[in-house]
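>>> task: produce atomic coordinates for the following.
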Amino acid sequence: MAENTLTPSGDPTPAVMAPRRPGPSAPVCAPAARLWPDFMTGQEKSPVRVLLIDDDEYMRRVIAQELLSDLRIQLEGQADSIREGRKLLATHAFDVLMVDLRLSDGMGFELIAEARRHHGNGEIIVISALEDDAHVLRAFELGATGYLLKNAWLQSFADAVLHVVNGGAVITPRLARRLLHRLNHQPREPQPADDASPPRDTTLTPRESQVLRHVASGYVSAEIGAKLGITGQTVNVHIKSIYKKLHVHSRAQAVNLAVHTGLI
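Now for the predicted structure:
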């Protein structure tokens with residue numbers, strides 16, 4: 001399949017496909033080039049820096065190959081254990097950490113927590129075969145902004161990296177559907193008061209609830225605005241209001257808190 005290239009101005013231009021004999025895996029035609037505005041993070045001269053930690057050698061190779069084929073992404077380093085992952089975190093600056101949960105010497109939650117403590121501005125995407133709600137919610141509680149299943153179809157690891165670094169969240173569609181089902185059927189029971197809970201009289205407006213549901217599905221502000229018929233800037237205003245009401249500082253925290261308190 002032909003890869004897109006970037007011109008000096010940053011505009012994507014489709015590469016020319018050389019003729020080849022059709023085969024079982026050969027595409028019928030090249031996909032349409034996708035626009036990538038200059039104001040978005042991830043350009044050829046300033047690619048998104050990624051660290052990849054996974055002890056599944058085959059899966060790590062597949063992901064690495066996809067990331068390396070995208071000029072908007074720079075793969076800074078790879079590791080296959082918590083021990084080696086800690087070394088990467090200590091010696092490499094990064095924009096996105098991609099980490100498996102089940103590693104040979106422990107659980108990837110340790111690396112997520114460490115990355116959050118020492119690299120607060122970095123984004124974290126979990127890549128795992130574990131898809132139970134407890135692991136998913138735990139990852140988001142610790143600060144992950146993405147959760148992809150290794151065996152899921154129709155997902156792009158490169159797109160996931162670019163999505164989260166530009167303010168979005170990514171989650172495998174099957175998991176997103178389950179979490180939305182959970183939101184819709186969460187019992188509205190009183191929650192014990194603690195420092196992490198919003199005030200008892202906290203309520204979201206109908207529009208804020210709509211916005212938060214779309215955030216839970218992984219859409220970015222511009223996409224949410226298009227779905228609701230409002231501007232992306234207006235969506236961001238609603239998100240800031242949600243943060244203030246829920247006493248949180250990220251989209252993942254807002255979604256997680258709303259799940260546990262039944263606000264949406």
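>>> please count neighbours and contacts with C-alpha atoms only from this point.
Will do.
>>> in stretch 242-255, which residues are buried?
Across stretch 242-255, burial judged by 16 or more other Cα atoms under 10 Å covers 242, 243, 245, 246, 247, 248, 250, 251, 252, 253, 254, 255.
>>> repeat that for stretch 122-139.
Neighbour counts over stretch 122-139 (16+ other Cα under 10 Å) mark 122, 123, 124, 125, 126, 127, 128, 130, 136, 137, 139 as buried.
>>> rewinding a little: strands - which of the buried residues of stretch 242-255 land there?
Among the buried residues of stretch 242-255, DSSP state E puts none in strands.
>>> redo these as a markdown table? Include pLDDT and distance to residue 104.
Shown next, in a markdown table, are the buried residues of stretch 242-255 (pLDDT from 0 to 100; distance: Cα to Cα, whole Å):
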| residue | pLDDT | distance to residue 104 |
| --- | --- | --- |
| 242 | 87 | 39 |
| 243 | 83 | 37 |
| 245 | 84 | 41 |
| 246 | 84 | 37 |
| 247 | 81 | 36 |
| 248 | 80 | 33 |
| 250 | 77 | 30 |
| 251 | 78 | 30 |
| 252 | 77 | 27 |
| 253 | 78 | 28 |
| 254 | 81 | 32 |
| 255 | 81 | 30 |
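>>> SS state for the closest residue to residue 203 other than its chain neighbours?
Distance criterion Cα to Cα, 6 or more residues apart in numbering; nearest residue to residue 203, sequence neighbours excluded, is residue 263 at 7.0 Å. For residue 263, the secondary-structure state derived from DSSP: H, G, I helix; E, B strand; the rest coil is coil.
>>> list the contacts of residue 263.
203, 204, 209 (Cα atoms under 8 Å, 6 or more residues apart in numbering).
>>> swap in residue 60?
52, 53, 54.
>>> which PyMOL command selects the buried ones in the residues you listed?
A single PyMOL command suffices to select whichever of these are buried according to 16+ other Cα under 10 Å:
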select buried, resi 52+53+54
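>>> so which of the contacts of residue 60 sit within strands?
Per DSSP E, strands hold the following members of the contacts of residue 60: 52, 53.
>>> format the contacts of residue 60 as CSV; extra columns: pLDDT and distance to residue 44.
Below are the contacts of residue 60 laid out as CSV (pLDDT from 0 to 100; distance: Cα to Cα, whole Å):
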residue, pLDDT, distance to residue 44
52, 98, 20
53, 97, 24
54, 96, 26
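>>> tell me the one among the contacts of residue 60 nearest to residue 67.
The closest of those to residue 67 turns out to be residue 52 (Cα to Cα; 10.0 Å).
>>> how about the contacts made by the closest one?
Residues in contact with residue 52 (Cα under 8 Å, 6+ apart) are 60, 64, 75, 77, 78, 79, 97, 98, 99.
>>> how many neighbours does residue 95 have?
By other Cα atoms under 10 Å, the residues close to residue 95 number 20.
>>> ok, it touching residue 123?
Yes - checked against Cα atoms under 8 Å, the pair residue 95 and residue 123 is within contact range at 6.1 Å.
>>> overlap in contacts, the two.
By Cα under 8 Å, 6+ apart, the residues touching both residue 95 and residue 123 are residue 165.
>>> how is this structure partitioned into domains?
Using automatic domain parsing, the domain parsing of the chain gives 38-172, 186-261.
>>> of these, flag the one that's most buried.
Counting by mean count of other Cα atoms under 10 Å, domain 38-172 has the highest mean neighbour count of the domains of the chain, with a mean of 19.
>>> just the helices in the stretch 1-150 of the chain please.
57-68, 82-91, 109-118, 133-141 (DSSP state H, counting those that start in this stretch).
>>> understood, closing this out.
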